[in-house]
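Engineer: pasting the sequence and the predicted model now:
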Amino acid sequence: MTRVLVLNSGSSSVRYRLFDGSEVVAKGHVERIGEAGGAAADHREALQGVMDELDLTGLAAVGHRVVHGGERFTAATVITDEVAAAVEELIPLAPLHNPGALTGIRVARKLLPDVPQVAVFDTAFHATIPPEGVLWAVDRELAARWGLRRYGFHGTSHAYVSRETARVLGRPVAETNVITLHLGNGASAAAVRGGRSVATSMGMSPLPGLVMGTRSGDVDPSVLFHLHRVAGLSLDEIEESLTRRGGLQGLAGVNDMRQVLEHRAAGDADAALAFEVYVRRIREYVGSYLAVLGRVDAITFTAGVGENAPEVRAAALAGLEPLGIAVDGARNDRGERVVSPDGSPIAVCVIPTEEELEIAEQTRRATGLAS
């Protein structure tokens, strides 16, 4: 089989998986790059260490996770100098994520100059959302000039999980409509019709939509004006508050759903309210996407919270039985693949996401290694 190395390069970390076909033959991560006491002085040293450690015999390609592809990149793309330059130009849309990915790309291309390398974009899966689903009612000249529109994220996860849901249901992907709920420290929802995204909760950035670990999700835009004009906060302070001190952290004082559930069980009122805000927001998006899709075959939970928190799954869909949505308590507690009762009009599924495998598969397709 052809081997593919998947790299997820952050500002101070590199996570990697080496695939032989669909089998993971090596994986790991290097953290605190460039920090005192860290494992490597810079990304070049970190990646050189990774490649020295791995058996790269038969390596056919390298796939890089890139968060933001803007409007230009709507599919996985073989990296050239021009593509790398375009990723750099997109940094203003993803200032926390694209710089790390770009560094990983540049270093890996130097270390493996004869191996094809591919950028796989989180935003690409959502390029099929129709114009009415990506445009906001703002000044169109401003929107066109500054790229103000919905892009969406977690695309590799939503793509993989929606296909796997169809497989679990025994239906062709092209005939299956799914609402996918990627619930991790970052969280997003998507409406997928026949394998194509038609709506998603994140926007120009990964900030809006569902409640997350430290990100606020949806807020009234006038909150920003109020905090600036009345409270006197700078734009940087507002961004810091909404992205790092919002979400579960802002409501409950902890950003991990496991801790929220523990505190809630112990009678913590703030944790209990945070939980209710969290699941209500999910329920609101499920209702919205039922309307967008018209016919829904399944609602699928994935990622750390979605896969491992039966309390969240049950509460998020509670009260939706008249719409054909129900959760079987015993199946849900066991974490079965299908946790809805037999015969439910809309299946409720739990599908572990495999974003790195999806990146590897898209890398193979982009380089002609797979059909």
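Structural biologist: Received it, and whenever you're ready, just let me know what you need. Numbers count the residues shown, from 1 in each chain.
Engineer: what is the lowest-mean-pLDDT helix or strand in the chain packed up against?
Structural biologist: Ranked by mean pLDDT, DSSP states H and E, the weakest helix or strand in the chain is helix 43-53, scoring a mean of 89. The contact analysis (3 or more CB pairs under 8 Å, 6 or more residues apart in numbering; DSSP states H and E) places helix 43-53 against strand 14-20, strand 23-30, helix 98-111. C-betas here are computed from N, CA, C, even on glycine.
Engineer: quick one: the strands in the stretch 51-200 of the chain, in order.
Structural biologist: Assigned by DSSP state E, counting those that start in this stretch, the stretch 51-200 of the chain shows strands spanning 59-66, 77-78, 117-121, 177-183, 187-193, 196-200.
Engineer: make TSV from the ones you listed and add mean neighbour count and distance to residue 29 to it.
Structural biologist: Listed next are these as TSV, based on neighbours: other CB atoms under 10 Å; distance: least, CB to CB, whole Å:
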stretch	mean neighbour count	distance to residue 29
strand 59-66	24	13
strand 77-78	17	25
strand 117-121	27	18
strand 177-183	28	20
strand 187-193	28	22
strand 196-200	22	27
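Engineer: want to try CSV for the ones you listed, with distance to residue 334 and mean pLDDT as columns?
Structural biologist: Shown next, in CSV, are these (distance: least, CB to CB, whole Å; pLDDT from 0 to 100):
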stretch, distance to residue 334, mean pLDDT
strand 59-66, 32, 96
strand 77-78, 41, 98
strand 117-121, 33, 98
strand 177-183, 19, 98
strand 187-193, 23, 98
strand 196-200, 30, 98
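Engineer: can you lay out those strands as CSV showing distance to residue 266?
Structural biologist: Shown next, in CSV, are the strands of the stretch 51-200 of the chain (distance: least, CB to CB, whole Å):
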stretch, distance to residue 266
strand 59-66, 37
strand 77-78, 49
strand 117-121, 42
strand 177-183, 22
strand 187-193, 24
strand 196-200, 35
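Engineer: what comes up buried for the least confident helix or strand of the chain?
Structural biologist: Using 16 or more other CB atoms under 10 Å as the test for burial, helix 43-53 gives 43, 44, 45, 46, 47, 50, 51.
Engineer: nearest spatial neighbour of residue 262, skipping sequence neighbours?
Structural biologist: Spatially, and ignoring its direct neighbours in sequence, residue 262 is nearest to residue 271 (8.0 Å; CB to CB, 6 or more residues apart in numbering).
Engineer: pull the contacting residues for the one you found.
Structural biologist: Counting by CB atoms under 8 Å, 6 or more residues apart in numbering, residue 271 touches 252, 254, 259, 260, 261, 262, 263, 264.
Engineer: helix/strand/coil for it?
Structural biologist: Under DSSP: H, G, I helix; E, B strand; the rest coil, the three-state class of residue 271 is helix.
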